[in-house]
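Enquirer: task: produce atomic coordinates for the following.
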Amino acid sequence: MTRAGRVERATAETKVLVELDLDGTGAAEVATGVGFFDHMLRQIAKHGAIDLRVSTVGDLEVDAHHTIEDTALALGSALADALGDKRGVRRFGSALVPLDEVLVQAAVDLSGRAYVVHEEPPLPATIGPVYPSSMTRHVFESLGHAARLTLHVCVLRAARPGSQPDPHHVVEAQFKAFARALRDAAAPDPRAGGVPSTKGVL
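Expert: Numbering: from 1, shown residues only. Next comes the predicted model:
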């Protein structure tokens, strides 16, 4: 069975198309107009082994908020479609990911209940020309709620003692950790008997 999702989202502010295959090889074709965000979406594809296509046209003349938010919502909805009834998956996944001086822990439960915990240190206002660092939390909240995930992403270490965090490293490690945890949670479990819940539904 193909575990794929496709979502189109159109508002007065953005037009978004997301296509993904959970059983891919990490191929990514991503264009949102926000270079750093594109880089982060490619991390999800590569480290989650998800084939991902994202095309977003947004009102970047205003700022990047609508573009990033609506892309995250569409990505979460496509993920929910691809997971279907979650029959035969592992359900839980976690990852501990280092990126040089940064260490991030992520945990995913394909619970059907949207709950997101996000912890990171204060960062400079922007990364690159148009990515607001405050949007990282919003990405995980939007994606997690649309996909109906329980998701924890926590930066355990952000810098060497006495040094300031490198915002690129801090955010990139979060996306990599999320991708690895999601890959683990969505992986088929050959020992699973149906839906991995005593309720019989997720």
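
Enquirer: okay, now Asp184: neighbour count?
Expert: 19 (other Cβ atoms under 10 Å). C-beta coordinates here come from the backbone N, C-alpha and C atoms, glycine included.

Enquirer: work out for me the element it sits within.
Expert: helix 167-186 (DSSP states H and E).

Enquirer: could you do Val201 as well?
Expert: For Val201, there is no helix or strand it lies in under DSSP H and E.

Enquirer: what are the buried residues along stretch 91-100?
Expert: Neighbour counts over stretch 91-100 (16 or more other Cβ atoms under 10 Å) mark 91, 93, 95, 97, 99 as buried.

Enquirer: same thing with stretch 77-93?
Expert: 77-83, 86, 88-91, 93.

Enquirer: stretch 121-133 now?
Expert: Residues of stretch 121-133 classed as buried by neighbour count (16+ other Cβ under 10 Å): 123, 127, 130-133.

Enquirer: quick check, distance from the helix holding Asp184 to the centre of its chain.
Expert: 7 Å (Cα atoms, centre = their mean, to the nearest Å).

Enquirer: counting contacts, what elements does that helix pack onto?
Expert: Here helix 167-186 touches helix 35-48, strand 92-99, strand 102-109, strand 126-127, helix 135-147, strand 150-157, going by 3 or more Cβ pairs under 8 Å, 6 or more residues apart in numbering; DSSP states H and E.

Enquirer: can I get it in PDB? Just the C-alpha atoms.
Expert: Extracted C-alpha coordinates of helix 167-186, given in PDB (Å, rounded to 0.1, in the frame of the first residue of the first chain):
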ATOM      1  CA  PRO A 167      20.900  30.000  15.400                       C
ATOM      2  CA  HIS A 168      21.400  28.000  12.200                       C
ATOM      3  CA  HIS A 169      22.700  25.000  14.100                       C
ATOM      4  CA  VAL A 170      20.100  25.300  16.800                       C
ATOM      5  CA  VAL A 171      17.200  25.200  14.400                       C
ATOM      6  CA  GLU A 172      18.600  22.700  11.900                       C
ATOM      7  CA  ALA A 173      19.300  20.200  14.700                       C
ATOM      8  CA  GLN A 174      15.600  20.500  15.700                       C
ATOM      9  CA  PHE A 175      14.400  19.700  12.200                       C
ATOM     10  CA  LYS A 176      16.800  16.800  11.900                       C
ATOM     11  CA  ALA A 177      15.700  15.400  15.300                       C
ATOM     12  CA  PHE A 178      12.000  15.700  14.400                       C
ATOM     13  CA  ALA A 179      12.600  14.000  11.100                       C
ATOM     14  CA  ARG A 180      14.400  11.000  12.700                       C
ATOM     15  CA  ALA A 181      11.800  10.700  15.400                       C
ATOM     16  CA  LEU A 182       9.000  10.800  12.800                       C
ATOM     17  CA  ARG A 183      10.700   8.200  10.600                       C
ATOM     18  CA  ASP A 184      10.900   5.900  13.600                       C
ATOM     19  CA  ALA A 185       7.300   6.400  14.600                       C
ATOM     20  CA  ALA A 186       5.900   5.900  11.100                       C
END
